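Participant: sequence and predicted structure are below.
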Amino acid sequence: MRIRLREFPMTMLHSTFAAVLLVGSVVNTLLPGHAKAEEFVTTDRLSLEEVKAAGRRTSNLRKPLPNKTTFETPQPDLDAFRAEIEPAFRDACYGCHGPDVAEADMRVDTLDPDLLHGEDVSWWLEVSSAISNGEMPPEDAADLPDEDRERIIEWLSTELQKASQVRRSQQGVSSFRRLTRYEYNYALQDLLGIKLDITKDLPPDPISPDGFTNSADMLQITGKQYAQYLEVNRRALNRVTVSGERPEVLHWGVSAEQASANQFAELETTNKQSARGGVQRRGGGENDTARVRRAFYKNTRTGQSVPATWSYARAEHAWSPTTSRPEVPDRSDFIAVLPPRQRLVVELGNRIPDKGMMRIRIRASRASKNEAPAPKLALEFGWQGDSDQRASFRISTRDTVVDATPDQPMFYQWDIPLSDINPRNPARKRVELGAVGETNPSEYIRLLNTSSAPSADIHFDYVEVSAPVYDKWPPETHSAIFIESENRNNEENYAREIVSRFMRRAWRRSVTESEVDRQMELFARVRPICIHFEQAVVETLSAVLSSPRFLYLVSSDQASSGALHTVNDFELATRLSIFLWCSTPDDELLDLAAEGLLRRPDHLAYQTRRMLADPRHKRFSKHFVQQWLNMAPLEFVRIDRRAYPEYDDDLMQSMRQEPIAFFEEMLQNDRSVMDFLHTDYAVINARLAEHYGIQGVRGSEFRKVSLDSDTNRGGLLTLAGLLAMNSDGKDSHPLKRGVWLLESVLNDPPPPPPPAVPEIDLADPNIAKMTPKQQMEDHRNHAACMSCHIKIDPWGIAFENYDALGTWRTQRLGKNIDAVGLLYNEHELDGVDGVKRFLLANRQDQFARALVHKMMTYALGRPLSFGDRTEVERIAAELRRNGDGLQTLVHLIVESDLFQKL
């Protein structure tokens, strides 16, 4: 791998320390546009960590500038423009972007230099970016002397800062929006004390053009959606509350010996008849059944086995429940054997309740002591009324590792909320079991071995099901709403106490007596038609949750004026909790807000630290990373299993989790955000370690692992999931990868393609035999394609060493990989190593700004405007001067004016 550097005496590279000093000097000369390609020589002596350290030292953002510049009476500096800036533009830019030629439909000579009041700010931003990043002027154009470049950059920076401050002070912004589906789900979970997804039936949230699903521009609500929210609210409250007496528990206990009794009896009869007739006995051998690799029952003493068959006709396999818990039988010679990817049905009839918990316990083990990795078991629920009516779906939230050995089987347990199981058999309450000619009303659970290894069998000999299970009556979720109170004997007073307390948390602020009165009017109307007091309260609380004050993030009335104002403490508590927990504030935040203390810097810093230490902060890690990195395509990419037989569901699940686990490691340890560009460690589990060829990692949990210098990994750019989602499932896709890097990592999206752009014709045999790099070069030879592709292609081509699954390769179709691309200024990107070197040496500040921009967009729940630019720049500078820590960035955002003002 190479990075082009100015020529220096190599005697200075005799030690690591000397090398670092040299890079500090070298990178300073490599500020964008400061050197021509022919002035560089090649070296591979510097490690990426050394380049990272050197790039940090040359950061312009780290220079000791005032934290915040305020222009009391800002005016455009037009005199400086006419005296110094316009002549420099005339010499270096007007030849391509002037009165005679307007490449890319852009004329610099006609841009209004009054950025404070003019209409060309967006064009000046493009000019600033191109000159600062060394993209303009191009290599074959007129030269722009360093002193002119610095003068232009300084003038533009000052004018843009003034214009940003003016426009932000004059234009109020709004983050008024409804909760996203995931925020709404988490808020219900925290309010009601439940942990499962209760919003699965709500429509997905739209994705904004910059990749965010929490954008105020996209999150409105329709009448149909409102009705759905009302039903979800009612269903959630019914789930966590109870009324009447504690229901009777039904128990099912099924042993492998009982389940296989009829089959073994038939086998014995067949064997006797075969023996009398002198005919070889039919079936019954373990090897015979094992060849089929379907679930079967086995007598471990005799070695005989029979298939585990099931049919839905008349519920002949349904087991009857008892009202007393059956005794757990001793281990017997009979077991059920469940091979990988196979299922076994336990049919439970038509008496499974609608509410409460269904507890499933299975005594099981792996098939071998030495088997690695251990097999995994999942639960499904289903029913089949007839040949046309059926349902089957997963009800366990994660696979359970069955690691017990055959000589010491263990019980594995699942607790499944019955109200989460949907759809249910519609005939179960109106048809008797076994009724001739009727729809089968029975339901079943199904055990699924999710392992892929051919020998990863699971053995079990006993299944126990109990429902409805309540470990405590009434449940804790019920008691959290129907609190202990001296008003219990007065329904109206008790209901008022419950409702007002609930409203405060749901509406995220103090509530007035008149607001409570309106809800109590609803309670008074519904109470006469409800059998139980609890039902009337649930209906009232459902209305509280269906109010815009819960569904929307509502700011105070001051925002309607359009002028900037400081959010109040309750609004700040909501912003903080939505940002870091994706949910409603807890009592500690609300109490501080009520006392007017949350805004105090010491309290705000402490609360931010507390929230980042709370497990709920992992929601922030998950949803910010998924939106920042635009990971939605990873859910839809279809990997060609014939081309990649090693691919499996475990690998895909690990690839989805890896960017989040990596972010979480950096957040909790306040690691430098530049580690996103490259680092000498990975955060992986055993499945990813196997995929990457890294030894010594065991288990499904993610952990930090040191990387050797030759692993071709480190940082976001080489994560398998991000590479896979930017592929076509069969091979790499340089265009997708280049666009993704520019948009998500550098916040520098390429221009949209012009209309009627010709596609690469893979049906053409001459094009099909080209490498992806050659195909792109041929494609961009079209005049309509050049302007976009000249910016995108070098970045995407540099990732050609990674196939569609993110695996490192050196050849494709028998040819050596060509992963070298040239940027505007003839900088050579030699593979992903070259990309990292270029970014670490030249674009650290750009990445810092990009990350601040992305996280602030997420934190505010709205697109950032030009008026926000100055504050983003200030935060990026503070981040760089304070060590680049990721957790530091979170604190800087929370403390910023952007976060605390509207």
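Facilitator: Sure thing, it's come through. Residues are numbered from 1 along each chain as shown.

Participant: just the strands in the stretch 351-500 of the chain please.
Facilitator: 357-366, 376-384, 390-394, 400-401, 410-417, 443-449, 458-469 (DSSP state E, counting those that start in this stretch).

Participant: and the ones you listed: which comes nearest residue 628?
Facilitator: strand 390-394 (29.0 Å; C-beta to C-beta). (Each C-beta comes from the backbone N, C-alpha and C, glycine too.)

Participant: quick one: buried residues of that closest one?
Facilitator: For strand 390-394, a neighbour-count test (16 or more other C-beta atoms under 10 Å) marks residue 391 as buried.

Participant: how deep is residue 383 tucked in, by neighbour count?
Facilitator: 25 (other C-beta atoms under 10 Å).

Participant: list the contacts of the closest residue to it other than its chain neighbours.
Facilitator: Excluding the flanking residues, the one nearest residue 383 by C-beta to C-beta, 6 or more residues apart in numbering is residue 425, at 3.9 Å. By C-beta atoms under 8 Å, 6 or more residues apart in numbering, residue 425 lies in contact with 350, 383, 385, 391, 440-443.

Participant: let's see that with 10 Å instead.
Facilitator: By C-beta atoms under 10 Å, 6 or more residues apart in numbering, residue 425 lies in contact with 350, 352, 382-385, 389-391, 431, 439-444.

Participant: repeat that for residue 581.
Facilitator: Contacts of residue 581 by C-beta under 10 Å, 6+ apart are 183, 186-187, 190, 589, 611-612, 614-620.

Participant: out of the residues you listed, who's nearest residue 708?
Facilitator: residue 618 (29.6 Å).

Participant: that older thread, show me which of the contacts of residue 581 are buried.
Facilitator: 183, 186-187, 190, 589, 611-612, 616-617, 619-620.

Participant: quick check, residue 893 in a helix?
Facilitator: Yes: with DSSP: H, G, I helix; E, B strand; the rest coil as the criterion, residue 893 is located in a helix.

Participant: neighbours of it, how many?
Facilitator: With other C-beta under 10 Å as criterion, residue 893 counts 22.

Participant: what do you get for residue 887?
Facilitator: 16.

Participant: which SSE is the closest residue to residue 795 other than its chain neighbours in?
Facilitator: Closest residue to residue 795 apart from its sequence neighbours, by C-beta to C-beta, 6+ apart: residue 738 at 4.0 Å. If you go by DSSP states H and E, residue 738 is part of helix 734-740.

Participant: and if you look at residue 535?
Facilitator: Assigned by DSSP H and E, residue 535 belongs to helix 533-545.

Participant: pull the contacting residues for residue 549.
Facilitator: Here residue 549 is in contact with 503, 506-509, 511, 515 (C-beta under 10 Å, 6+ apart).

Participant: no wait, residue 733
Facilitator: Counting by C-beta under 10 Å, 6+ apart, residue 733 has contacts 637, 723, 725-727, 739-740, 772, 796, 799, 804.

Participant: strands of the stretch 801-902 of the chain, start to end?
Facilitator: Under the criterion DSSP E, counting those that start in this stretch, the stretch 801-902 of the chain carries strands at the ranges 811-812, 815-816, 820-822, 828-830.

Participant: against which helices or strands is the third one packed?
Facilitator: I take that to be strand 820-822. Counting contacts by 3 or more C-beta pairs under 10 Å, 6 or more residues apart in numbering; DSSP states H and E, strand 820-822 packs against helix 772-779, helix 783-797, strand 828-830, helix 831-842.

Participant: the ones you listed: lowest mean pLDDT?
Facilitator: Among the helices and strands packed on strand 820-822, helix 772-779 has the lowest mean pLDDT, at a mean of 61.

Participant: circling back: between the buried ones among the contacts of residue 581, which is nearest residue 399?
Facilitator: Nearest to residue 399 among the buried ones among the contacts of residue 581: residue 619, at 22.0 Å, using C-beta to C-beta.

Participant: helix, strand or coil for the closest one?
Facilitator: helix.

Participant: ok now stretch 848-865, how far from the chain's centre?
Facilitator: In terms of C-alpha atoms, centre = their mean, to the nearest Å, the centre of stretch 848-865 is set 17 Å apart from its chain centre.

Participant: ugh, typo on my part, it should be stretch 217-230
Facilitator: So, by C-alpha atoms, centre = their mean, the centroid of stretch 217-230 is 23 Å from its chain's centroid.

Participant: list the buried residues in it.
Facilitator: 218-219, 228-229.

Participant: so how far is the first residue of that stretch from its last?
Facilitator: 23 Å (C-alpha to C-alpha, to the nearest Å).

Participant: equivalent analysis for stretch 820-830, please.
Facilitator: End to end - C-alpha to C-alpha - stretch 820-830 spans 4 Å.

Participant: what of stretch 339-351?
Facilitator: 30 Å.

Participant: what about it, average pLDDT?
Facilitator: The model assigns stretch 339-351 a mean pLDDT of 95.

Participant: skipping adjacent residues, who's closest to residue 579 in space?
Facilitator: residue 859 (4.7 Å).

Participant: before we move on, back to that, restricted to strands, list the buried residues of stretch 217-230.
Facilitator: Using DSSP state E to define strands, no part of the buried residues of stretch 217-230 is located there.

Participant: which of those fall within helices?
Facilitator: Among the buried residues of stretch 217-230, the ones falling in helices (DSSP state H) are 228-229.

Participant: now flag whichever of the buried residues of stretch 217-230 is closest to residue 627.
Facilitator: residue 218 (11.9 Å).
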